[in-house]
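# need the 3D shape of this:
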Amino acid sequence: MKHLFILFLSISVLVVKSQDEKRLALVIGNANYEKGALKNPVNDALLMAKTLESLDFDVILDTNIVDQRSFINKIKEFGEKRSAYNVAFVYYAGHGVQVNNVNYLLPTKEVFKSHDDVIDYAVSVQRIIKYLTKMTDQVNVLILDACRNNPFEKNWDATRSIEAGSGLAKMQATKGSLIAFSTTAGKTAPDGNGDNSIYCQVLSKNMLKEGVNLDQVFRNVRAEVDEITNGEQMTEESTQLTGQTFYLVKRTFKKEFALLDSLFDNGSYLPALEIASSILEVDAKNLEALVNKGNIYSELEKYDKALEDFNLAIELYPNNWEPYYHRAVHYHTIAESDQKTLSDLNKSIELDSNHWEPYSYIADIYFEQGNYKLANDFYTKAVLVDPGNYENYDYRADFYAVIGEVDKALEDYSKVIELLPNDPDAYCNRGDFYYDINNAKLAFKDYDNALEVDPFNARVNNNKAEIYFDQGNYDLALKELSLAIKNVPDPLYFRNRALIYEDQENYELAYADYSKAIELSPDNYTNYNYRAWFFENVGEYSQVLLDYSKSLDLNPNNPYILCERADLYDDYKNDQKMALKDNFRALEIDSAYTRAINNIALIYSDQEKYDESIAEFTKAIELSTDSIDVSLYYSNRA
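Numbering: from 1, shown residues only. Okay, the predicted model is just below:
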């Protein structure tokens, strides 16, 4: 299936928070005080707002709030929206004081001449806490970068501290919340000499770190602030958060997924599965890991487990197009009904119509069904959705090539070259098509263009060798294949050179190349098939049987090779019992495999079981769709 590579590449960039998680923040920075003006709170508020926006928060930002009513209205605006969000952050930078062990945040233009003025005209932190405590089962964070003492003890100064004194009062977080202070209770924090306070700078940096949970973020901030200030400032938090560990930036596991992709591409499915499972141990809802795990199980033919992972991904992310797309590919892989496959593909398009993969896959299905009009429509939709993606033109070109639309195929192959002028494969693909339509001259021209881009491209050498071989120019074919092998010692190139040696009756060199292909790729059953056919050609039937048996060890569900070995048992070993066993095994794999049915009928005929023989020949005639085969089965029955 041409889309197999998409299974991993298409999901390389995913959201790092829950699909439905909504985040809200209130950010306030007050600096422009009549007395005790501060330099950095507005800058701190702007930095924090920018940080939170980058973390997908909807941010309510205000600075230099002049009076209590305006301050309270801004808090109410936040409170009215809170219930529609899963996560809430409040950050305040500016002057704050305690009166009678209650913490107050100060507007910039109110006048405070007594304790009662603070109580009457400042804003109690409890007004914010009130809205946070309504959502105790979710994440609520209050950050007070305003550790200030009572303003009536000294005149205002130009730091965030009124004086080195009492600071803010200690607060105990309520259920479902975390309260963070830029310094410990009873202490004060400096405004900072730069554009931002030390606390805000350190907090912003640590909030953006990947894979660090919220509790660890504040522990890291405390350690860093302590180090920078030589122990003069120590931050403090009180937390009563509930539920799962919360991450501002979930770990993306980039290195792990890169290794997983590489292992998958190389067919190392079990190590890839271990990596996907280890990621899910850390992040049980990781969409990319779930989909990868499902795809790996599908390759391992553990289809029930694959479906479990795809279904879980859809349950966790019902509004994400990708799990539906990958489940559709899975359904198609296990030959589920096209209706199920198409349903999931259409659902993925309904959720997000801006991805070309579902359109192209739908086109594949219609192509397989022989519905060329709809196939063409959907290949074209894929092109329109992503006109800069060369793959869409490449796939449509292959489609046009199969249905005989030569000019359209050439147009799309040429478009691929236009998009990828330095890709030798783009030239090779068009060159291959030129050769398919019997234009060897233009095929060679494209192959030469590919070699200009990559002088050591083994595919080009192999393709040129194929043309020379078909033209009967064995010397040039061998020369090109030897170059291909020198550049890339691929088993395919050894097999192809062996075929030429075999055709020249140079059996020693042919045997050496077939064996070299097996040595390079001992787990590839195809290599054993080719050497088996070679042994059959030279009459080494015992070796043929060994290679067929090794091929079937590696790929036991190949009805063609089962029938090949069955013929060998019947003709060479005169062992009709083993021949029947292999033919029946082939029918277990494919009940309509008429070659096996015909073979069984022939054995029954040899055994003078004529009624059984005629019944099998009749079955083969009824099932076959090939006119030549049907003629043979009629002849045998006659």
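
# Tyr91 - that's part of a strand, no?
Yes - using DSSP: H, G, I helix; E, B strand; the rest coil, the assignment for Tyr91 is a strand.

# show me the beta-bridge partners of it.
Counting by DSSP bridges, Tyr91 is bridged to Val27, Ile143.

# next up, the contacts around it.
By Cβ atoms under 8 Å, 6 or more residues apart in numbering, the residues touching Tyr91 are Ala25, Leu26, Val27, Ile28, Ala45, Met48, Leu52, Ile143, Asp145. Quick note: C-beta positions are derived from backbone N, CA and C, even for glycine.

# what's the answer for Val221, then?
Taking Cβ under 8 Å, 6+ apart as the test, what Val221 contacts is Tyr199, Val202, Leu203, Asn206, Thr235.

# the second one and Arg219: what is the separation?
Read that as Val202. Computed as Cβ to Cβ, to the nearest Å, the Val202 to Arg219 distance reads 12 Å.

# who has more neighbours out of the two?
For Val202 versus Arg219, neighbours defined as other Cβ atoms under 10 Å are more numerous around Val202 (21 against 15).

# which strands or helices does the helix or strand containing Glu237 pack on?
In this structure, Glu237 is located in strand 236-239 according to DSSP states H and E. Using 3 or more Cβ pairs under 8 Å, 6 or more residues apart in numbering; DSSP states H and E, the elements in contact with strand 236-239 are strand 177-181, helix 214-228.

# pLDDT wise, what is Asp58 at?
For Asp58, the pLDDT comes out at 96.

# three-state assignment of it?
strand.

# measure it to Tyr372 for me?
Using Cβ to Cβ, Asp58 is found at 48 Å from Tyr372.

# and the two? which has more neighbours close in?
For Asp58 and Tyr372, the more surrounded residue by other Cβ under 10 Å is Tyr372, and the numbers stand at 16 against 13.

# doesn't Ile403 make contact with that one?
Yes - counting by Cβ atoms under 8 Å, Tyr372 touches Ile403, with 5.6 Å between them.

# mind listing what's buried along stretch 302-321?
Residues of stretch 302-321 classed as buried: 303, 305-307, 309-310, 312-314, 316-317, 320-321 (neighbour count, 16 or more other Cβ atoms under 10 Å).

# which residues of the stretch 451-600 of the chain score low on pLDDT?
Low-confidence segments of the stretch 451-600 of the chain (pLDDT under 70): none present.

# which regions of the stretch 51-200 of the chain sit below the pLDDT cut-off?
Using pLDDT under 70, the flagged stretches of the stretch 51-200 of the chain are 147-167, 185-193.

# quick one: the strands in it, in order.
Counting by DSSP state E, counting those that start in this stretch, the stretch 51-200 of the chain has strands at residues 57-63, 87-93, 96-99, 102-105, 123-124, 139-145, 177-181.

# right, so of those, which gets closest to Ala440?
Closest approach to Ala440 among those (Cβ to Cβ): strand 57-63, 62.7 Å.

# sorry, back to before: could you look over the helices and strands packed on strand 236-239 and pick the most buried one?
Across those, the average number of neighbours (mean count of other Cβ atoms under 10 Å) peaks for strand 177-181, which reaches a mean of 24.

# other SSEs contacting it?
Other elements packing on strand 177-181 under the criterion 3+ Cβ pairs under 8 Å, 6+ apart are strand 139-145, helix 214-228, strand 236-239.

# reformat those as a markdown table; add distance to Asn32.
Formatted as a markdown table, those follow (distance: least, Cβ to Cβ, whole Å):
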| stretch | distance to Asn32 |
| --- | --- |
| strand 139-145 | 16 |
| helix 214-228 | 26 |
| strand 236-239 | 28 |
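
# do you know which of the ones you listed lies nearest Lys581?
Nearest of these (Cβ to Cβ): helix 214-228, 63.1 Å.

# angle of the closest one against strand 139-145?
20 degrees (axes from the mean of the first three to the mean of the last three Cα atoms, to 10 degrees).

# what's the angle between helix 214-228 and strand 177-181?
Using the same axes, to 10 degrees: helix 214-228 against strand 177-181 is 10 degrees.

# figure out how far helix 214-228 is from the centre of its chain.
Distance of helix 214-228 from the chain centroid (Cα atoms, centre = their mean, to the nearest Å) equals 33 Å.

# can you check stretch 249-258 too?
11 Å.

# now the weakest link among the helices and strands packed on strand 177-181, please, by mean pLDDT.
strand 236-239 (a mean of 89).

# spell out which strands sit alongside it in the sheet and which way each one runs.
strand 177-181 (antiparallel).

# where exactly do the helices run in the stretch 1-150 of the chain?
For the stretch 1-150 of the chain, the helices defined by DSSP state H, counting those that start in this stretch cover 6-9, 41-54, 68-82, 115-121, 126-132.

# which one of those lies nearest to Thr229?
helix 41-54 (16.3 Å).

# buried ones in that closest one, by neighbour count?
For helix 41-54, by 16+ other Cβ under 10 Å, it's Pro41, Val42, Asn43, Asp44, Ala45, Leu46, Leu47, Met48, Ala49, Thr51, Leu52.

# in the next helix or strand after the strand holding Glu237, what counts as buried?
On the C-terminal side of strand 236-239, the closest following helix or strand by DSSP H and E is helix 254-265. Going by neighbour count (16+ other Cβ under 10 Å), the buried part of helix 254-265 is Glu256, Phe257, Leu260, Asp261, Leu263, Phe264.

# tell me the secondary structure at the nearest residue to the third one once chain neighbours are set aside.
Across the structure, with Cβ to Cβ, 6 or more residues apart in numbering as the measure, the residue nearest Leu260 apart from its sequence neighbours is Ile275 (4.5 Å). For Ile275, the reduced secondary structure class is helix; criterion used: three-state DSSP.

# what's around Ile275, how many residues?
Ile275 has 23 neighbours, counted by other Cβ under 10 Å.

# tell me the pLDDT at it?
According to the prediction, Ile275 has pLDDT 95.

# quick one: residues contacting it.
Applying Cβ under 8 Å, 6+ apart, the residues near Ile275 are Glu256, Phe257, Leu259, Leu260, Leu263.

# show me the contacts for Ala592.
Applying Cβ under 8 Å, 6+ apart to Ala592 gives the contacts Leu623.

# now do Leu24
Going by Cβ under 8 Å, 6+ apart, Leu24 touches Phe57, Asp58, Ile60, Phe78, Lys81, Arg82, Ala84, Tyr85, Val87, Ala88, Phe89.

# and the gap between the nearest residue to it once chain neighbours are set aside and Phe78?
In this structure, Leu24 finds its nearest non-sequential neighbour in Tyr85, 4.0 Å apart by Cβ to Cβ, 6+ apart. Using Cβ to Cβ, Tyr85 is found at 10 Å from Phe78.

# now swap in Asp446 and tell me
Asp446 is 64 Å from Phe78, by Cβ to Cβ.

# re earlier: just among the contacts of Leu24, which is most surrounded?
Counting by other Cβ under 10 Å, top hit in these: Ala88 with 28 neighbours.

# correct me if wrong: it contacts Met135.
Yes - Ala88 lies in contact with Met135 (Cβ under 8 Å); the separation is 7.0 Å.

# what sits in contact with each of the two?
Common neighbours of Ala88 and Met135 (Cβ under 8 Å, 6+ apart) are Arg82.
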